[in-house]
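> Sequence and predicted structure below; questions after.
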Amino acid sequence: MSDAEPLPTEQHRWLGLDELEPAVLHRRRERVYLVMCGLFLGTLTMLNIIGVTRIVDLSFRMPLVGWHVPMQVAVGVLPYPMTFLCTDFISELYGQARANWLVFVGLLLNVWVIAVLWLGGALPGFETAHGVFSGVRTATFGAVTA
């Protein structure tokens, strides 16, 4: 299926289940698309804001041999694979053009986050007790730039 073609109207046939109307099928597919887009954009934004603010220790001992495997990672690493799954599924199910558009919207969203954080730091205000906003702002600038 090329990106210029509309979504297919054929569906798998299962014994005992009626075929869906094209409008119902389209509505269900669009809902799945919106859920995957929301998951991608929400995860991407969350990662770039809080993903580098905390390091978690996932160290463990290997069974049987007892070797200690150190594994300290930024908390943002944990949900990051979800962004790849979403774009892969969207590309496969809805076409590369829609997946590319979603990634572009994600880039614009990151620019928006940076703009809001920059503005929040530029405006006069009161800093919290430990300078949390400054730390998150600095970490987010680095994460989005990377």
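Yep, that arrived.

> Tell me which other helices or strands the longest helix anywhere in the chain touches.
Longest helix in the chain, counting residues (DSSP state H): helix 22-50. Helix 22-50 sits against helix 81-94, helix 96-122, helix 132-145, with contacts defined as 3 or more CB pairs under 8 Å, 6 or more residues apart in numbering; DSSP states H and E. The way it works is simple: take the backbone N, C-alpha and C, and place the C-beta from them, glycine included.

> What residues sit buried inside the longest one?
Residues 98-99, 102, 106, 109-110, 113-114, 117 are the ones in helix 96-122 that count as buried (16 or more other CB atoms under 10 Å).

> related to what we said a few turns ago, reformat the helices and strands packed on helix 22-50 as CSV; add mean pLDDT and distance to Met36.
Putting the helices and strands packed on helix 22-50 into CSV (pLDDT from 0 to 100; distance: least, CB to CB, whole Å) gives the following:
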stretch, mean pLDDT, distance to Met36
helix 81-94, 91, 5
helix 96-122, 91, 8
helix 132-145, 79, 22
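
> Which one of the ones you listed lies nearest to Asp18?
Judged by CB to CB, the one of the helices and strands packed on helix 22-50 that comes nearest to Asp18 is helix 81-94, at 22.5 Å.

> Report the buried residues of the closest one.
Quick answer for helix 81-94 (16+ other CB under 10 Å): 82-83, 86-87, 89-91, 93-94.

> buried set for the longest helix of the chain?
The neighbour-count check on helix 22-50 (16+ other CB under 10 Å) flags 25, 33, 36-37, 39-41, 43-45, 47-50 as buried.

> Mind putting those into a markdown table with distance to Val144?
Below are the buried residues of helix 22-50 laid out as a markdown table (distance: CB to CB, whole Å):
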| residue | distance to Val144 |
| --- | --- |
| Leu25 | 38 |
| Tyr33 | 25 |
| Met36 | 22 |
| Cys37 | 19 |
| Leu39 | 19 |
| Phe40 | 16 |
| Leu41 | 14 |
| Thr43 | 14 |
| Leu44 | 10 |
| Thr45 | 10 |
| Leu47 | 10 |
| Asn48 | 5 |
| Ile49 | 9 |
| Ile50 | 13 |
